[in-house]
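**Student:** Kindly generate the corresponding structure for this input.
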Amino acid sequence: MRVPRHLMFLLAVGLIGAPVSAKPVTEGELRKHIEILASDAFEGRAPGTEGERKTLAYLEKQWAKAGLKPGARDASWYQPVELVRRGPKQANVQFFAKGEKIRVVGEDILLVGREAQYNVNGMPALFVGHGVNAQGAVVADVKGKLAFVLADDADFLPAELKPGRSRRNALVEAGAAGVVFISGEQFDFPVYRRAILSRPITWVGRDQRADVEGVVSPQYMVALVTAAGGDWDKLRVAARSPDYAGQSFGLTANLDIESDVERFSSNNIIGKIAGRKPGSGAVVFMGHWDHFGICRPDDAKDRICNGAVDNASGMAVLTEVAKRLGKARFDRDIYFVGTTAEEFGLIGARAFAADPVVPLDTIKVVLNIDTVAIAPKGAKVAIIGRGKTDLDDDIELVARKLRRKIEPSTDANAFIQRQDGWALTEKKVPALMVGGSFADLGKLEAFLRSDYHGPGDEVVETLQLGGAAEDADLHVELGRYFADTRKYKPKKAQMGTGE
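**Tutor:** Sure, this is the predicted structure:
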């Protein structure tokens with residue numbers, strides 16, 4: 001790849017040369033942080049637990065020692081994020097056809113209310129296929145009704161509405177009182193059931209829910225539709241049409257739902273290195289500190305999802321980068337953001353993007369660090385977000401100075417919406433993930449199919465930290481590069497930067 005002319009100029013005049021001397025990050029330094037953050041004593045770092053308190057206390061101490069100052073509002077380290085956790089307790093569900101109670105053979109139905117108690121009689125029920133048509137419009141009048149929607153996506157669906165959550169939101173906005181997903185091939189009933197029983201967390205700022213939500217199995221739908229005198233197979237085939245308009249079951253439902261609803265506060269942690277040139281913008285390093293906590297039943301042999309790779313490794317890298325940048329001064333401000341509840345939908349990052357401590361249009365780059373203990377030493381550098389910003393050449397220039405090889409493909413972009421940077425990308429902020437863990441997707445997928453999000457993601461002797469150490473060094477140099485107004489000049493004028 002040709003080096004762009006503006007970067008050739010910087011090389012020629014010596015503004016980009018050999019990396020500024022710094023002690024390389026070692027595997028031992030990273031392992032020490034990971035052993036603490038992913039220890040059983042931290043209980044898996046779940047938001048709103050003692051594990052959160054210990055995690056934030058540890059990071060605050062390490063970041064302060066590194067030279068960072070509190071970067072949140074009111075000279076605080078912490079940005080509160082209000083959360084709500086919901087799970088099922090018990091439910092009594094009855095269906096009626098023409099006023100007569102019908103018997104449904106099957107127990108594969110799981111419902112959770114928005115509030116702790118929910119009771120309604122005579123709610124009309126209807127089948128809405130995939131929920132929206134090819135134009136993205138909700139397929140039927142769902143206001144005040146119980147909508148049964150297919151969980152699997154369809155080719156005709158607009159890309160932004162293929163995720164079930166997006167279609168659920170469309171139905172809720174249209175006034176659906178209840179949204180019940182019908183599990184399928186992509187997302188089977190046991191997967192949904194485990195997710196609901198885990199009592200997932202929602203951000204209060206985006207708590208868009210129907211009065212009652214849940215999941216049923218295809219077998220339950222066969223029994224329900226058959227009992228009502230219908231044909232489930234015909235309904236399912238009809239729903240394949242891009243113009244499907246939904247169909248009433250001729251049923252009403254009586255629902256008596258008791259749910260476990262807990263509202264609580266968690267925190268992002270934010271540190272700052274103040275720049276020398278006010279108005280020149282900011283660089284943001286980001287990574288999520290949370291994981292799933294105590295994630296298995298009382299009788300399980302190993303109950304804790306420790307999250308060593310995901311994402312104690314990222315917080316270890318973030319901390320060592322802070323140590324190497326925190327004692328210096330740069331032109332631009334540098335922020336370090338540890339986010340909460342990433343595992344539940346990028347919640348902490350979305351909260352930061354919704355109420356940023358630095359104007360979003362002044363941020364030159366967000367570098368998110370997540371799940372870095374995958375690649376060995378010498379791995380190529382891949383970019384999640386390649387081609388989505390004008391920063392690829394700059395990233396590659398810095399990487400090559402460290403003698404890192406480049407992975408030129410856009411394969412890693414498959415993960416672009418699965419990491420915190422996406423919450424900033426949605427706000428038109430240039431956000432990337434850079435490193436070796438995403439260059440070999442085979443290694444990454446092997447982790448995702450094995451220990452990912454389970455008790456097996458813990459500190460072991462074979463924990464791969466060679467690539468993580470090199471990625472830490474790379475992020476040190478990226479921080480120096482983007483925080484220097486001589487080295488990095490935005491190619492397009494950005495409002496509010498003063499440049």
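
**Student:** Reduced to three states, what does the closest residue to W63 other than its chain neighbours come out as?
**Tutor:** Spatial nearest neighbour of W63, chain neighbours left out: G271 (4.4 Å); criterion: CB to CB, 6 or more residues apart in numbering. The C-beta positions use only the backbone N, C-alpha and C, and glycine is treated the same way. Here G271 takes the strand state, with states given by DSSP: H, G, I helix; E, B strand; the rest coil.

**Student:** Kindly state the beta-bridge partners for G271.
**Tutor:** P70, F336 (DSSP bridges).

**Student:** pLDDT value on the spatially most central residue of the chain, please?
**Tutor:** The centre of the chain sits closest to L346, judged by CA atoms, centre = their mean, with a distance of 3.3 Å. L346 carries a pLDDT value of 96.

**Student:** doesn't L424 make contact with it?
**Tutor:** No - counting by CB atoms under 8 Å, L346 does not reach L424; the two are 9.7 Å apart.

**Student:** What residue, apart from its backbone neighbours, is nearest D451 spatially?
**Tutor:** In space, D451 is closest to D457, 4.3 Å off (CB to CB, 6+ apart).

**Student:** just checking, that neighbour touches V309?
**Tutor:** Yes - the pair D457 / V309 is scored as a contact, 5.4 Å apart, by CB under 8 Å.

**Student:** that older thread, residues contacting the residue nearest to W63?
**Tutor:** G271 makes contact with W63, A64, A66, L68, K69, P70, G71, W77, A322, Y335, F336 under the criterion CB atoms under 8 Å, 6 or more residues apart in numbering.

**Student:** farthest-separated two in those residues?
**Tutor:** The span of these, defined through CB to CB, is set by A64 and Y335 at 14.8 Å.

**Student:** More neighbours: those two, which one.
**Tutor:** A direct count of neighbours by other CB atoms under 10 Å for A64 and Y335 places Y335 higher, at 23 against 15.

**Student:** any idea how far that one is from L255?
**Tutor:** Y335 is 46 Å from L255, where distance means CB to CB, to the nearest Å.

**Student:** Wait, a strand at V261?
**Tutor:** Yes - residue state for V261 (three-state DSSP) corresponds to a strand.

**Student:** Please name the nearest non-neighbouring residue to it.
**Tutor:** A116 is the one closest to V261 (CB to CB, 6+ apart), at 4.8 Å.

**Student:** what residues are up against the one you found?
**Tutor:** E258, S259, D260, V261.

**Student:** for V128, same thing?
**Tutor:** V138, V139, A140, V142, A147, F148, V149, L171, G246.

**Student:** lowest-pLDDT helix or strand in the protein?
**Tutor:** helix 5-13 (a mean of 43; mean pLDDT, DSSP states H and E).

**Student:** Please work out which residues outside whichever helix or strand comes after it touch it.
**Tutor:** Using DSSP states H and E, the helix or strand that directly follows helix 5-13 along the chain is helix 27-37. Residues from elsewhere that reach helix 27-37 (CB under 8 Å, 6+ apart): 42, 45, 55, 58, 62, 289, 307-308, 312-313, 315-317, 319-320, 373, 459, 463, 465-466, 468-469, 472.

**Student:** and what of stretch 189-198?
**Tutor:** Contacts for stretch 189-198 (CB under 8 Å, 6+ apart): 87-88, 108, 110, 112, 151, 181, 183, 214-218, 292, 295.

**Student:** repeat that for 10 Å
**Tutor:** Outside stretch 189-198, the residues within contact range by CB atoms under 10 Å, 6 or more residues apart in numbering are 85-88, 108-112, 151, 164, 181-184, 187, 213-220, 292-293, 295, 297, 344.

**Student:** Tell me the buried residues in it?
**Tutor:** F189, Y192, R193, I196 (16 or more other CB atoms under 10 Å).

**Student:** Mind checking the pLDDT average for that stretch?
**Tutor:** The model assigns stretch 189-198 a mean pLDDT of 88.

**Student:** CA atoms only: put that stretch into CSV for me.
**Tutor:** Extracted as CSV, the C-alpha positions of stretch 189-198 are listed here (Å, rounded to 0.1, in the frame of the first residue of the first chain):
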residue,chain,number,x,y,z
PHE,A,189,-35.9,-22.1,22.8
PRO,A,190,-33.2,-23.3,25.3
VAL,A,191,-31.0,-20.4,24.3
TYR,A,192,-33.8,-17.9,24.9
ARG,A,193,-34.8,-19.6,28.1
ARG,A,194,-31.2,-19.4,29.5
ALA,A,195,-31.0,-15.8,28.5
ILE,A,196,-34.2,-14.9,30.3
LEU,A,197,-33.5,-16.9,33.4
SER,A,198,-30.1,-15.1,33.7
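
**Student:** where's it relative to the chain centroid, distance-wise?
**Tutor:** Offset of stretch 189-198 from its chain centre (CA atoms, centre = their mean, to the nearest Å): 18 Å.

**Student:** what about T410, distance to I384?
**Tutor:** From T410 to I384 the distance is 9 Å (CB to CB).

**Student:** higher neighbour count, the two?
**Tutor:** I384 (26 against 15).
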